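[1] what follows is a predicted protein model with its sequence.
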Amino acid sequence: MARRLLTLLTALLLALSLGHAPASAASFTNPVKSVKGADPWITYHAGNYHLVTTSWSDVITIRRSPTLAGLATAPSVQVWQGDAASRCCNIWAPELHFLNGRWYLYYVAGQNVPDYNATQRSHVLESAGSDPMGPYTYRGRLNASWMLDPTVATIGGQLYLFGSTHDGSQNIVAARMSNPYTVSSPFSTVARPTHDWERSGAPVNEGPEILQRGGRTFLVYSASGCWTPDYKLGQLELTGRDPASASSWTKKPTPLFQRSDANGVYGPGHHGFFTSPDGTESWIVYHANDSASDGCDNGRTTRAQRFTWNSDGTPHLGTPVRLGAGAAGPSGEPSGAATTYTLTNRNSGKCLEVTAGTSADGANVAQYACDGGSHQRWRLQDLGDDTHRLLNVATGKALDTADCSSADGADLRQWSWLDNTCQRFRFLATDGGHVRVVNQATGKVADVADCSTADSADVRQWSWLGNTCQQWRLNPV
């Protein structure tokens, strides 16, 4: 009882002190995501940033955090897994767009074959409601032939799809849409790599993104080979009436954003744009390498920085900043950035904890009324393969399936980190902001024994039954 009173008092004092803290954004440093950080996209919704990136696997995951800084340690929650052989694998360039009251997740995927690149096509998912975390259903393929980097935008009241195809060079194409999952016109080429700076390694225009401000529409794209340090951003402006016509776009003759040898940033590109929570600042998220010899792979990391606008109304992206350089986060954020999480059971409302906070290998894991103690806080570390290790803050030890058993009812406990699959877990989104915690070795989920709501009820693994006793909310603390 004394332990509970002490932790409750500590939590209360902390809450009171935070209540008098100044309301300034949390500082952050790049990278925003250090594993699987390529082709990033950020959207801000209902008090949280949502970050998606290329997975190179058969799943799409989303990180969610109330602060930009918090994305660096936020768990990657799986919202989709490839559901057919023709689109199972090598998922690239996911983006989230809110249209007509639902979220649409656009992405590229192909087959699990040696020459997978030739099979890559663009696809779209639709959310069941207004939560970016889903659940999602598959709505369809957007093109018959090879096309990368789908994005959508409403221009002049009409929805358009933009992407990148090739016919000897890699080009930006556009088509009209009748709804968020139906293309209603032929694709037409709106930009080709005509300048020398667009042709380093290969002639490439890809990764189109629409940026609108003050009644003007810009299309910012990636140019040159992504495997080169000279991957960079270029700009088109809509100066005509038809966004699906090349004659309506005017290309800026010089790059908009490119490598900075002085800052150790190479190949910056494949970006997205977002606005600060209070709507006063413009931000870019992009990937880059920290060595000129790095390539077009999972070594690229996600970075973000604020940008400004020139006096003529065009975007000024500036110079990519050095890794590790601290900066203020977007305006309107909360002042603190969480690095740890509690796991609260959906059925009981109680927290996952290491019993008594003991540091011994084999100590039991159970549920207990949430009290803010470090024995109930966990570091959720993304291991770069769509799995996580869960390290208890009080003990530093990992959540573990006893004896690597695959049996229903096998105990969940803590153990020193052994780096085996019995200690790796996936977070799979369910609904209402909850997840199931799935062991990588067994495929079974963290389950409160007998759906008990009592303090100290055991948490074990069990086959997925779809009930609330097997669902958890990840709460940043």
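    Received it, and whenever you're ready, just let me know what you need. Numbering: from 1, shown residues only.

[2] hey, what's Leu380 bridged with?
    Going by DSSP bridges, Leu380 is paired in beta bridges with Leu390.

[3] actually Gln461, not the one I wrote
    Ala446.

[4] so what's it up against?
    Thr401, Asp408, Gly409, Ala410, Asp411, Leu412, Asn439, Thr442, Lys444, Val445, Ala446, Asp447 (Cβ atoms under 8 Å, 6 or more residues apart in numbering). Any C-beta I mention is one placed from the backbone N, CA and C, and that applies to glycine too.

[5] closest to Leu161 out of the residues you listed?
    Taking Cβ to Cβ as the measure, Val445 is the one of these closest to Leu161, at 37.4 Å.

[6] the closest one contacts Trp472, doesn't it?
    No: here Val445 does not reach Trp472: they are 9.2 Å apart, not a contact under Cβ atoms under 8 Å.

[7] overlap in contacts of these two?
    Common neighbours of Val445 and Trp472 (Cβ under 8 Å, 6+ apart) are Arg436, Val437.

[8] just the helices in the chain please.
    2-19 (DSSP state H).

[9] domain-wise, how is it divided?
    25-328, 341-476 (automatic domain parsing).

[10] neighbour-wise, which of Val445 and Trp472 wins?
    Using other Cβ atoms under 10 Å, the more surrounded residue of Val445 and Trp472 is Trp472, with 27 against 24.

[11] not counting residues beside it along the chain, what's closest to the more buried one?
    Counting by Cβ to Cβ, 6 or more residues apart in numbering, Trp472 lies nearest to Leu343, which is 4.6 Å off, once chain neighbours are set aside.

[12] for that neighbour, grab the count of nearby residues.
    Counted with other Cβ under 10 Å, Leu343 comes out at 26.

[13] quick check: it touching Cys351?
    Yes: Leu343 lies in contact with Cys351 (Cβ under 8 Å); the separation is 6.6 Å.

[14] pLDDT value on the closest residue to Arg87 other than its chain neighbours, please?
    Leaving aside its sequence neighbours, Arg87 sits nearest to Ala109 (Cβ to Cβ, 6+ apart; 4.4 Å). If you check Ala109, the pLDDT there is 98.

[15] which ones are touching Ala109?
    Shown in contact with Ala109 (Cβ under 8 Å, 6+ apart): Asp58, Gly82, Arg87, Cys88, Cys89, Asn90, Ile91, Trp92, Gln120, Arg121, His123.

[16] next, count neighbours for the first one.
    Taking other Cβ under 10 Å as the neighbour definition, Asp58 ends up with a count of 17.

[17] residues contacting it?
    Taking Cβ under 8 Å, 6+ apart as the test, what Asp58 contacts is Gln81, Gly82, Cys88, Cys89, Ile91, Ala109.

[18] phi, psi for it please.
    phi -100, psi 10 (degrees, to the nearest 10).

[19] separation between the closest residue to it other than its chain neighbours and Ser331?
    Nearest non-adjacent residue to Asp58, counting by Cβ to Cβ, 6+ apart: Gly82, 3.9 Å away. Distance, Gly82 to Ser331, using Cβ to Cβ, to the nearest Å: 38 Å.

[20] what pLDDT is listed against Leu399?
    98.

[21] what sits closest to it if chain neighbours are left out?
    Using Cβ to Cβ, 6+ apart, the nearest residue to Leu399 is Leu390, at 4.1 Å.

[22] hang on, isn't the one you found packed against Ala398?
    Yes: counting by Cβ under 8 Å, Ala398 is a contact partner of Leu390 at 6.4 Å.

[23] strands of the stretch 351-477 of the chain, residue ranges please.
    Remark: strands assigned in the stretch 351-477 of the chain by DSSP state E, counting those that start in this stretch are 351-354, 365-368, 378-382, 388-392, 398-401, 412-415, 425-429, 435-439, 445-448, 459-462, 472-476.

[24] got the ones you listed as TSV, with distance to Asp290 columns?
    Below are those laid out as TSV (distance: least, Cβ to Cβ, whole Å):
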stretch	distance to Asp290
strand 351-354	36
strand 365-368	38
strand 378-382	19
strand 388-392	24
strand 398-401	29
strand 412-415	34
strand 425-429	28
strand 435-439	32
strand 445-448	37
strand 459-462	39
strand 472-476	28
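
[25] to Gly234, which of these lies closest?
    strand 378-382 (31.9 Å).

[26] so how far is the closest one off the chain centroid?
    Distance, stretch centre to chain centre, for strand 378-382: 15 Å (Cα atoms, centre = their mean, to the nearest Å).

[27] repeat that for stretch 443-451.
    27 Å.

[28] stretch 288-300 too?
    19 Å.

[29] enumerate the positions of that stretch that are buried.
    By 16 or more other Cβ atoms under 10 Å, the buried positions in stretch 288-300 come out as Ala288, Asn289, Asp290, Asp294, Cys296, Arg300.
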